[in-house]
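S.K.: starting from these lines, generate the structure:
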Amino acid sequence: MNDKRRSMPVRVARWSAAHPWSAVGLWVLFVAACLALGTAAGTATISDAESGVGDSGRAGRIAAAGDFPEKAEENVLITALDGRLDPRAARAAADDVVRRMTALPEVESVAAPVASPDRTAVLVPVTMKGDTENADRRVDPLLAQSAAVQDAHPGLRVEQVGTGSTAKGLTETLGEDFERAEYISLPLTLLIMLAVFGALIAAAVPVVLALSSVAAAIGLSALISHVLPATGVLSNVILLMGMAVGVDYSLFYLKREREERRRGRPDALEIAAETSGHTVVVSGGTVVVAMAGLYLAGEATFTSLATGSIIVVAVAVLASLTVLPALLAKLGPRVDRPRIPVLWRMTLRSGESRLWPVLLRPALRHPAITLALSAAALLLLAAPALDMRLKQPGSDDLPRDVPVIRAMDRLTAAFPSEGTVHRVAVRAPAERSGDVRAALAGLAARAAADPLFAHDRAPEIRTSPDGRVHLMDVATPHARSSDEAARSLETLRAWLPAALDGLPAEHGVGGKLAEGVDFTAHLEERLPIVVGFVLLLTLVMTGLIFRSAVIALSAVALNLLSAAAAFGVLVLVFQHTWAEGILDFHSSGAVVSWLPLFLFVVLFGLSMDYHVFVVSRIREAARDMPTRAAVGAGITRSAGVVTSAAVVMVAVFAIFGTLSIVEFKQLGVGLAAAILIDAVVIRIFVLPALMALLGAANWWPGRGRGRGRATSSRRRRG
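M.R.: From the prediction side, this is the model:
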């Protein structure tokens, strides 16, 4: 065939195979350049003003316009180890704190010690020099002095909580979680690849390519963050997505090249490029399309997640199409060295599997019954999702075994105004500054008489240098996840317009609780738009790929079914308490609000990976046999690759389910459950049963491939 008529993956594979060192060298330079440029540029993170939506978003933008100097605040809390607090001992310890902190060059000021209303604690507020951004890197001298006070007063408990110390404590504790997850995921992925290929080099190639794709994507995302600011969890999401799709795409390609090479085909690499290479492009395109739906959420965090995911998927596709053929061409048969004896013999027998024909027998012999029973089981599993409740994660969801979190609990118990805080922001002409301050003072007095609000400290009204912006923090003594805290927010938002009545003022109520409430409401409003976009584009893309409306509709229906079942699992595990001991978490009775939308687009993209690969193999088989036989042959031939890819994804995602942060735990469990459902229930029962039931109609409006071929054969025999 003329090279110009060859598909793009084949042309790229031919060039890479002919110039292997150039392809590998260019890839190494690309990864190194991405990392170097990204490190030099740094990552621009999303500011509060950029990330907010609704009333809290408006409050954040008003506060940002005031250009208030944000200082890093630290609090040294003194409590009794047991029983009642000795006032004299507490006062002596507090004086020691003041003396030590005042002498530090990192400290700007130390306020007078304050006793809690119930006399169970003494608090020493400390203000650090510099802004809040790098406070965790500058807080060590303060922590050392707090520890020295603790040593000097062993009968008391001396703890430090604040901007820098809390960030440092969480980063150290939870950062260990991520490091452990990374250390486990890499060897585990390599072990799975060893079981798949039975040879060390073949197992290492997908892992190395996936890691290089992640490294390049992190560098590129840092560069792009200066245009589209990044969320703090973006690098973790890139790692999660990059390892999953990077290994999968290389696996698709390498398994097909190996399969054709074992058949003695001299053009094995070109066949792999024509089939699996094409599938990788299509699969990557569907994931990119699905992730692009997040842009319609109209929120900076989702924009960042979409951008990072699209980058890592695109880089993983590029690696599979360019550097992988070069490596395979250069290594040749040596890719299967050194061999692991037992595993190698298992891979030699994998092409003659007797298991998959047995597993597929119910779907192919009794498709209607199998389809009805399996679909009913998935719908039953999805039913709990109808009762899904959403909330933003907060300090209530952090693990209580972290020392700084326990200290924070004691601080907010003794000083409720240090806990859940609502920020009132008002912008008005500078000449009305006095009127605004009077209105806010009246609002504070009204809150002081209501039990929904904290009364241990009077709210402070701050005014910007230009007199236009006013801020006031009003605290509630109730936990952020409580109904009382939610009512306090509703109450404050109802009071504020009345307090400012007659003033030409823009206003809003922000704070962490308000941001969570508004964010959840915003997502519920945007969810139908994002879902509709993803479904429509997936339908169009699948229809164009397979030239079949029926295949497109069935792909969307099956992916919806598996996603719904995964949501049901998420609700069963995290909204209830039965799994708390197993997964080591405390249930908040809800699912993290950003998770369903993000999970939906990720699951749709990843499920389409498998669907495109499996249906492509079925379509190949349908050129030579009737549809029902082609379904069995196509799934059996692709079973090893799909199962291996699913095992890798489930293993990587399940590791995230062991993390301490509840949102990552939910993300890991949700993704692992969805991939497991898709690879087992959908691919073994639902998909083959549906395609066997539809027969030649699968390819409508095109000609029925299997039936047309069989009919032509009968005519020739006649």
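
S.K.: how about the strands in the stretch 1-150 of the chain?
M.R.: 73-80, 107-110, 114-115, 121-128 (DSSP state E, counting those that start in this stretch).

S.K.: again, but for the stretch 351-500 of the chain
M.R.: Counting by DSSP E, counting those that start in this stretch, the strands of the stretch 351-500 of the chain are 390-391, 420-427, 461-463, 469-476.

S.K.: who's in contact with the second one?
M.R.: Contacts of strand 420-427 from elsewhere in the structure, counted by Cβ atoms under 8 Å, 6 or more residues apart in numbering, are 58-60, 62-63, 65-66, 436, 439-440, 443, 468-476, 478-480, 485, 488-489, 492, 496, 500, 505-514. All C-beta atoms are positioned from the backbone trio N, CA, C, and that covers glycine.

S.K.: 6 Å - rerun?
M.R.: 59, 62-63, 436, 468-476, 480, 485, 489, 492, 505-511, 513 (Cβ atoms under 6 Å, 6 or more residues apart in numbering).

S.K.: flag every buried residue along it.
M.R.: 420-427 (16 or more other Cβ atoms under 10 Å).

S.K.: now distance to residue 45 and pLDDT too, for those, in JSON lines please.
M.R.: Compiled in JSON lines, the buried residues of strand 420-427 are given as follows (distance: Cβ to Cβ, whole Å; pLDDT from 0 to 100):
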{"residue": "420", "distance to residue 45": "24", "pLDDT": "90"}
{"residue": "421", "distance to residue 45": "22", "pLDDT": "93"}
{"residue": "422", "distance to residue 45": "24", "pLDDT": "94"}
{"residue": "423", "distance to residue 45": "20", "pLDDT": "94"}
{"residue": "424", "distance to residue 45": "25", "pLDDT": "96"}
{"residue": "425", "distance to residue 45": "21", "pLDDT": "95"}
{"residue": "426", "distance to residue 45": "27", "pLDDT": "96"}
{"residue": "427", "distance to residue 45": "25", "pLDDT": "96"}
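
S.K.: most widely separated two among those?
M.R.: 420 and 427 (24.0 Å; Cβ to Cβ).

S.K.: give me the nearest residue to residue 359, chain neighbours excluded.
M.R.: Nearest residue to residue 359, sequence neighbours excluded (Cβ to Cβ, 6 or more residues apart in numbering): residue 684, at 5.3 Å.

S.K.: wait, residue 152
M.R.: residue 96 (6.2 Å).

S.K.: ok, now residue 330?
M.R.: residue 20 (4.1 Å).

S.K.: surely the one you found meets residue 326?
M.R.: Yes: in this structure, residue 20 is within contact of residue 326 by Cβ atoms under 6 Å, at 4.0 Å.

S.K.: between these two, who's got more neighbours?
M.R.: residue 326 (24 against 17; other Cβ atoms under 10 Å).

S.K.: return the distance of the more buried one relative to residue 647.
M.R.: Distance of residue 326 to residue 647, given as Cβ to Cβ, to the nearest Å: 27 Å.

S.K.: ditto for residue 372
M.R.: Residue 372 is 29 Å from residue 647, by Cβ to Cβ.

S.K.: okay, now the domains of this structure?
M.R.: 1-41+198-352, 73-169, 359-387+547-718, 403-516 (automatic domain parsing).

S.K.: where among the ones you listed is average confidence lowest?
M.R.: Per-stretch mean pLDDT for the domains of the chain is lowest at domain 359-387+547-718 (a mean of 85).

S.K.: related to what we said a few turns ago, make CSV out of the strands of the stretch 1-150 of the chain and add distance to residue 519 and mean neighbour count.
M.R.: Converted to CSV, the strands of the stretch 1-150 of the chain look like this (distance: least, Cβ to Cβ, whole Å; neighbours: other Cβ atoms under 10 Å):
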stretch, distance to residue 519, mean neighbour count
strand 73-80, 25, 23
strand 107-110, 33, 16
strand 114-115, 33, 18
strand 121-128, 30, 22
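
S.K.: distance to residue 449 for these - can I get that in a markdown table?
M.R.: Shown next, in a markdown table, are these (distance: least, Cβ to Cβ, whole Å):
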| stretch | distance to residue 449 |
| --- | --- |
| strand 73-80 | 27 |
| strand 107-110 | 32 |
| strand 114-115 | 22 |
| strand 121-128 | 24 |
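
S.K.: minimum distance to residue 660: which of these has it?
M.R.: strand 73-80 (23.0 Å).

S.K.: what comes into contact with that closest one?
M.R.: By Cβ under 6 Å, 6+ apart, strand 73-80 touches 90, 93-94, 97, 121-127, 142, 146, 156-163, 410-411.

S.K.: residue 372 and residue 647: which is more packed in?
M.R.: residue 647 (19 against 12).

S.K.: which strands and helices sit next to whichever strand or helix holds that one?
M.R.: According to DSSP states H and E, residue 647 maps onto helix 627-656. Using 3 or more Cβ pairs under 6 Å, 6 or more residues apart in numbering; DSSP states H and E, the elements in contact with helix 627-656 are helix 163-197, helix 234-262, helix 355-365, helix 595-621, helix 662-677, helix 687-694.

S.K.: buried stuff in that helix?
M.R.: Under 16+ other Cβ under 10 Å, the buried positions of helix 627-656 are 627-656.

S.K.: which one of the buried residues of strand 420-427 is nearest residue 576?
M.R.: residue 420 (25.0 Å).

S.K.: roughly how far does the closest one sit from residue 410?
M.R.: 16 Å.

S.K.: wait, doesn't residue 453 sit right on residue 445?
M.R.: No: Residue 453 is beyond contact range of residue 445, at 11.0 Å (criterion: Cβ under 6 Å).

S.K.: which residues do these two both contact?
M.R.: If you check residue 453 and residue 445 against Cβ under 6 Å, 6+ apart, no residue is contacted by both.

S.K.: between those two, which is the more surrounded one?
M.R.: residue 453 (22 against 11).

S.K.: count the neighbours of the closest residue to the more buried one other than its chain neighbours for me.
M.R.: Spatial nearest neighbour of residue 453, excluding adjacent residues (Cβ to Cβ, 6+ apart): residue 447 at 4.2 Å. Around residue 447 there are 24 other residues, counting by other Cβ under 10 Å.

S.K.: next: the one 5 residues further on.
M.R.: Around residue 452 there are 18 other residues, counting by other Cβ under 10 Å.
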